[in-house]
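Student: sharing a model prediction with you, sequence too.
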Amino acid sequence: MAAAWAAALRSRRSVQALLVAGCVVTAGSCAPLPRQAFASARLSDYLASRPELTPEIARAIDTGHLVLGMDTRQVWVVLGDPIRRTSFQASRIEVWLYGPGRLHQDQLHTHGNEAFRVVFREGRLILIETL
């Protein structure tokens, strides 16, 4: 009888150990992904689903840069969600504000250290400006 109890106890502990190990593995696999991983997936999905993009815009999106004339979706694909969006309906202007670390436009020489805004007119990028 004691042997049966010992075997049952060992079996129960094995099951508990497996359950705990399963929970740890599951919790580990649900760890949040870095922001860069989401941006990379967003870029690849967009480029794969838009074969009609001009080579200049496709190259800019692929390298994480902005080009004047991009539409709002293309800018979002490159930069993600802005901190703030402001719309001026009468002039059809929309301004998106981003914090430091998102923009690395070579021609602006920012190296990602400054907050900036992007301005759209009628859904097209017309201005990239550091703040």
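Tutor: All right, it came through fine.

Student: for this structure, what spans make up the strands?
Tutor: 84-88, 93-98, 116-121, 124-130 (DSSP state E).

Student: mind checking those for the one nearest to residue 50?
Tutor: strand 124-130 (16.0 Å; CB to CB). From N, CA and C alone the C-beta is placed, and that goes for glycine too.

Student: list the buried residues for the closest one?
Tutor: Going by neighbour count (16 or more other CB atoms under 10 Å), the buried part of strand 124-130 is 125, 128.

Student: quick one, that strand and strand 116-121 angle?
Tutor: 160 degrees (axes from the mean of the first three to the mean of the last three CA atoms, to 10 degrees).

Student: for strand 124-130, which outside residues touch it?
Tutor: Outside strand 124-130, the residues that touch it by CB atoms under 8 Å, 6 or more residues apart in numbering are 66-72, 74-75, 103, 105, 108, 110, 114-120.

Student: that older thread, what's the closest of the strands of the chain to residue 40?
Tutor: Checked against CB to CB, the stretch from these lying closest is strand 93-98, at 18.1 Å.
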